[in-house]
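Asks: next input, structure requested:
(4 chains)
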2 protein chains.
Amino acid sequence: MKPLPLSSSAGTGLAMRAVSERFDKIQVPAAYRLVAEAIEREILTGRLRAGEAIGTEAELGRQFGVNRSTVREGIRALEEGGYVSRGPDRRLYASLPRYSRLSSRMSRAMVLHEVTFRELYDATMALEMASIEHACAVITPEMLAELAANIEAATAAQDDPVRLSELDSDFHALLARASGNRVLELAREPAGLLFFPTAELICRRVPEGARRMLEAHRALLEALRARDVKLATTWMRRHLVDWRKGFERAGRDLDEPVERVYARTLAPPA
Amino acid sequence: MKPLPLSSSAGTGLAMRAVSERFDKIQVPAAYRLVAEAIEREILTGRLRAGEAIGTEAELGRQFGVNRSTVREGIRALEEGGYVSRGPDRRLYASLPRYSRLSSRMSRAMVLHEVTFRELYDATMALEMASIEHACAVITPEMLAELAANIEAATAAQDDPVRLSELDSDFHALLARASGNRVLELAREPAGLLFFPTAELICRRVPEGARRMLEAHRALLEALRARDVKLATTWMRRHLVDWRKGFERAGRDLDEPVERVYARTLAPPA
DNA sequence: GTTTCATAGCTTGTCCGACAAAGTCAAACA
DNA sequence: TGTTTGACTTTGTCGGACAAGCTATGAAAC
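Replies: Numbering: from 1, shown residues only, chains lettered A, B, ... in the order given. Alright, predicted model coming up:
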């Protein structure tokens, strides 16, 4: 990587540059970027609300005074960011960036940066403990019912590792939702997306894995019903320590980086 | 909030649809999307490594057999996702999605979804406690030095709320880094981006705010030096409870949603 | 021989015009 | 009244074009 040439005008004999760096390089933002930012700003500030139509490409081009191609490039960026999406009629509508989209991007970034299972484990421990703690305080009958339904489904799927690990993911996602704290819910999701799928591996390799998982889930549900924070956190810790033991028993090392393999299971940009 | 029309093919004259839903709507992915996915896949699977040149637009167009405009649209999406970036020479290089970029997107999503300061507070409590706990175990002399430097700068800036809140943000970001757990570091950042800037408000409104903040930071540093987990966590809790008191003393309500105002302070997509 | 300069060439950002496919709407038709 | 048809709109893609900026190559100067 070369040091960026400061400015083209420095090409001609400007040795006096050493004197002092008076001016920064002046940057001209590309037009498509300005278009994207303008629309994004409308949404961010609430002047454009989710679900509202944005207008046709041609119209936007007219408004901004740029070519349709330029508008299209700006829109691609917004689309990727989740700020706009196309309706069934292919038209453009403003929309709120969806958490799930961002979470899976984060997960993929983690994989690319080669975080280890230990990091995942430690972080998950902190986040799940916090989730269950808050859930104990505010959980609703509806969420309890959803958790119960999840456990029931898992009981029926005891011999299907794939389904079981999906249900495990769901169970913990439900817990986070039950905490009533969306920041927490959001914070745990990227890690959860990588962490819980390993349940499949464990269920395959460790005979009593599924049973212990279910036992823990049932105990957690009971503790939540009773709103017994102490019991709930104890079981959550046990549950996660169990995961760790299972992971190691399955012959894996906590200090391995999360494999790229998982990148495939993460929802590719829809 | 309107349910976004996600994929309702129930558009027009498909009355015979009632008979039976034998076939799914067949979707032809747009070419620019295929281009984007192809390149993304190369990076995700590691065949294209960060820093490697991707090729010129014209060349890609030739390879994929599509027009340059189409390639450009695909690239806009990848650019937004952080998978490619342009070098100083404006050429395309593969790159790893950067955390910070994703974090600020998450923060903005939180603002749009109107999370409350209480949610932010509770989540931050969990995340900062975990960070400091792990940091106690693994912090390096270099990180201790960085924290000390931060405190020194803050001491010098006691009367500058803006600078002070920046340094507060940095301090906690450093702590997270010191934990050696990138998952944790990543998980806390979106919340941190919204949470810590409020220090400015508090320093402005609460006379002893700055002093107490500095006191806490110094105590945290000492505890880290001594690797005293108990002391460190105690101070962290106190520090955050202090924030909460200050926030309320400043006349704010924990159950307010985080204002859209903050959206402006979040790095706009550079 | 090395340094400086200038030009040519490539690449990007933008524009223009065009066309097929798919969706919408409304008038015409049974 | 309900369906069909057809005109109109909008998106996705293409081809070509040009100015601005960066690189490099070679020429000129020392």
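
Asks: from now on I want contacts and neighbour counts done on CA atoms only, so please keep to that.
Replies: OK.

Asks: where along the stretch 1-150 of chain A do the helices fall?
Replies: Secondary structure of the stretch 1-150 of chain A, counting by DSSP state H, counting those that start in this stretch: helices at A:31-44, A:57-64, A:68-81, A:99-112, A:117-138, A:141-156.

Asks: what's the third one packed up against?
Replies: I take that to be helix A:68-81. helix A:31-44, helix A:57-64, strand A:84-86, helix B:68-81 (3 or more CA pairs under 8 Å, 6 or more residues apart in numbering or on different chains; DSSP states H and E).

Asks: mean neighbour count, mean pLDDT and distance to B:Met213 added to the ones you listed, as TSV?
Replies: Output for those, formatted as TSV (neighbours: other CA atoms under 10 Å in any protein chain shown; pLDDT from 0 to 100; distance: least, CA to CA, whole Å):
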stretch	mean neighbour count	mean pLDDT	distance to B:Met213
helix A:31-44	19	92	31
helix A:57-64	15	93	47
strand A:84-86	24	90	41
helix B:68-81	23	93	37
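
Asks: and these as CSV, adding distance to A:Leu221?
Replies: What follows is the helices and strands packed on helix A:68-81, written out as CSV (distance: least, CA to CA, whole Å):
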stretch, distance to A:Leu221
helix A:31-44, 39
helix A:57-64, 51
strand A:84-86, 38
helix B:68-81, 39
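
Asks: and the ones you listed as TSV, adding distance to DNA strand C?
Replies: Formatted as TSV, these follow (distance: least, CA to the nearest atom of the strand, whole Å):
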stretch	distance to DNA strand C
helix A:31-44	3
helix A:57-64	8
strand A:84-86	11
helix B:68-81	7
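
Asks: wait, A:Arg218 sits on A:Ile151?
Replies: Yes: using CA atoms under 8 Å, A:Arg218 is in contact with A:Ile151, at 7.0 Å.

Asks: and the two? which has more neighbours close in?
Replies: Higher neighbour count among A:Arg218 and A:Ile151: A:Ile151, with 21 against 17, using other CA atoms under 10 Å in any protein chain shown.

Asks: gap between that one and DNA strand D?
Replies: Counting by CA to the nearest atom of the strand, to the nearest Å, the separation of A:Ile151 from DNA strand D is 41 Å.

Asks: contacting residues for that residue?
Replies: A:171, A:214, A:217-218 (CA atoms under 8 Å, 6 or more residues apart in numbering or on different chains).

Asks: got the domain ranges for chain A?
Replies: The record's domain parsing of chain A by automatic domain parsing lists A:31-94, A:100-265.

Asks: give the rounded mean pLDDT of the longest one.
Replies: Okay, so that is domain A:100-265. The pLDDT scores in domain A:100-265 average 91.

Asks: show me which positions of stretch A:197-214 end up buried.
Replies: A:197-205, A:209-210, A:213-214 (16 or more other CA atoms under 10 Å in any protein chain shown).

Asks: around chain B, which positions in the stretch 101-250 of chain A sit nearby?
Replies: A:102, A:105-106, A:109-110, A:112-113, A:115, A:119-120, A:122-123, A:126-127, A:130, A:181-184, A:187-188, A:190-191 (CA under 8 Å from any CA of the partner chain).

Asks: need the contact list for the residue nearest to A:Phe64 when sequence neighbours are not counted.
Replies: In space, and not counting its chain neighbours, A:Phe64 is closest to A:Val35: 7.3 Å by CA to CA, 6 or more residues apart in numbering or on different chains. A:Val35 sits next to A:64, A:71, A:74 when contact means CA under 8 Å, 6+ apart.

Asks: I'd assumed A:Leu214 was in contact with A:Thr155.
Replies: Yes: contact criterion CA under 8 Å: A:Thr155 and A:Leu214 qualify, at 7.2 Å.

Asks: list the buried residues for the helix or strand hosting A:Thr233?
Replies: If you go by DSSP states H and E, A:Thr233 is part of helix A:229-249. Across helix A:229-249, burial judged by 16+ other CA under 10 Å covers A:229, A:231-233, A:235-237, A:239-240, A:242-247.

Asks: tell me the residues on the stretch 51-200 of chain A that lie near DNA strand D, please.
Replies: Contact residues (CA under 7 Å from any atom of the strand) of the stretch 51-200 of chain A with DNA strand D: A:55-58, A:69, A:90-92.

Asks: give the contact list for the residue most central in space within chain A.
Replies: In chain A, the residue lying closest to the centroid (CA atoms, centre = their mean) is A:Ser103, at 0.9 Å. By CA under 8 Å, 6+ apart, the contact list for A:Ser103 reads A:186, A:189-190.

Asks: which one of the residues you listed is nearest B:Leu144?
Replies: A:Pro190 (28.8 Å; CA to CA).

Asks: any idea how far apart the tips of stretch A:83-94 sit?
Replies: 6 Å (CA to CA, to the nearest Å).

Asks: that stretch: how far from the chain's middle?
Replies: Mean-position distance between stretch A:83-94 and its chain equals 22 Å (CA atoms, centre = their mean, to the nearest Å).

Asks: buried residues in that stretch?
Replies: For stretch A:83-94, a neighbour-count test (16+ other CA under 10 Å) marks A:83-87, A:92-94 as buried.

Asks: is that stretch positioned near chain B?
Replies: Yes: using CA under 8 Å from any CA, stretch A:83-94 reaches chain B at A:87-89.

Asks: of all the buried residues of stretch A:197-214, which comes closest to B:Pro257?
Replies: A:Pro197 (33.4 Å).

Asks: surely that closest one touches A:Ser169?
Replies: Yes: at 6.9 Å, A:Pro197 counts as touching A:Ser169 under the criterion of CA under 8 Å.

Asks: from the buried residues of stretch A:83-94, which two are the most distant?
Replies: Going by CA to CA, the pair spanning these furthest: A:Tyr83 and A:Gly87, at 12.9 Å.
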